[in-house]
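Enquirer: have a look; sequence and predicted model below, questions after that.
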Amino acid sequence: MSDQAPPPAPIPFLKGHGTENDFVIVPDPDGLLELSAGTVALLCDRRAGVGGDGLLRAVRCAAHPEAAGMAAEAEWFMDYRNADGSVAEMCGNGIRVFARHLAEAGLVPAGDLAVATRAGVKHVHLAKAEPDGTPGEITVDMGPAVLPESDGIEVAVAGHRWPARKVDMGNPHAVAFVDDLAHAGDLLTPPRVTPATAFPAGVNVEFVTEVGVRQVAMRVHERGSGETRSCGTGACAVMVAAARRDGLDPRATGRPVTYTVTLPGGRLVITERVDGGVEMTGPAVIVARGEIDPGWLSGRLARGR
């Protein structure tokens, strides 16, 4: 009888996207996996790994020390990491993909769902599938936007410079209105934001143009990920910044305001309610399921990727 230890078990994963903001999803209901920053970065690597703008670990609140205090409000915690392995507070497209995974795995029914995040508990509504089988869109109550003092904040790219509006949607954003989205350059490196003290933990930077009445288009550089095809919290930040630029404030007028936000990866509909809450509606798709070879993973990590 051999006393050799059995080989480690493969790690299940899924791949999904929301308006082409794509994620590696790792089911870990009992919180047993150790996901180092290096592991996350390797899995999100588009050439050496699975590939994604970030990673979503699905773990029950009761099994995660950061989420245990929210277990009375939500069963599931979205442990979100950026593509470079850094921890992030919240991801708007990610939470829709997270909810789609839970529903397709039979862990939650269609309808209303509470999801714990590092930005607090978010409430999600999963619409029923269309008659042709197309998955229904998902609406997320993103909570209220916070608009701190923004005077003096500027964004600069490739010789262009713009004033920026500071918006917090559970994570930080700098929103700049531009004449042409191409002026943002390739966004392979983070845009320069001044003063540096305005965003000590880094910032997502959105570039926005107007394309119609209450319709805007945007590009985004997400901290830790680079330019992405879509950013849900960024779209919410853009909507609120655009509404204030247009003189619209639902808390003051008593009327909700809705904008359509077009991103490189698709379209999101964002509504700011009279109570200040911001709702985001859009699609989410699971495109693949598979297993990560633990031998490959440990070998790559041992070699420094």
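Expert: Structure received. Numbers count the residues shown, from 1 in each chain.
Enquirer: rest of the way, CA atoms for contacts and neighbours
Expert: Fine.
Enquirer: can you pull out the strands in the stretch 151-300 of the chain?
Expert: Taking DSSP state E, counting those that start in this stretch as the criterion, the stretch 151-300 of the chain contains strands spanning 154-157, 160-163, 165-168, 172-177, 192-194, 204-212, 215-222, 226-228, 257-263, 266-272, 277-282, 285-292.
Enquirer: now the third one: mean pLDDT?
Expert: Right, the one you point to is strand 165-168. Averaging pLDDT along strand 165-168 yields 96.
Enquirer: so which bits of the worst-scoring helix or strand of the chain on mean pLDDT are buried?
Expert: Here the helix or strand of the chain ranked lowest by mean pLDDT, DSSP states H and E is helix 294-302, holding a mean of 80. Counting neighbours by 16 or more other C-alpha atoms under 10 Å, one finds that the buried residues in helix 294-302 are 297, 300.
Enquirer: C-alpha coordinates for it, PDB please?
Expert: Extracted as PDB, the C-alpha positions of helix 294-302 are listed here (Å, rounded to 0.1, in the frame of the first residue of the first chain):
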ATOM      1  CA  PRO A 294      -3.100  22.300 -10.100                       C
ATOM      2  CA  GLY A 295       0.200  20.900 -11.200                       C
ATOM      3  CA  TRP A 296       0.500  23.500 -14.000                       C
ATOM      4  CA  LEU A 297      -0.500  26.200 -11.600                       C
ATOM      5  CA  SER A 298       2.000  25.300  -8.900                       C
ATOM      6  CA  GLY A 299       4.700  24.800 -11.400                       C
ATOM      7  CA  ARG A 300       4.200  28.200 -13.000                       C
ATOM      8  CA  LEU A 301       4.100  29.900  -9.600                       C
ATOM      9  CA  ALA A 302       7.300  28.100  -8.500                       C
END
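Enquirer: picking up where we left off before, go through the strands of the stretch 151-300 of the chain and pick out the most buried.
Expert: Among these, ranked by average contacts under mean count of other C-alpha atoms under 10 Å, first place goes to strand 172-177 (a mean of 26).
Enquirer: of the strands of the stretch 151-300 of the chain, which is nearest Cys61?
Expert: strand 285-292 (22.6 Å; C-alpha to C-alpha).
Enquirer: off-centre distance for that closest one?
Expert: Centroid separation for strand 285-292 versus its chain: 18 Å, with C-alpha atoms, centre = their mean, to the nearest Å.
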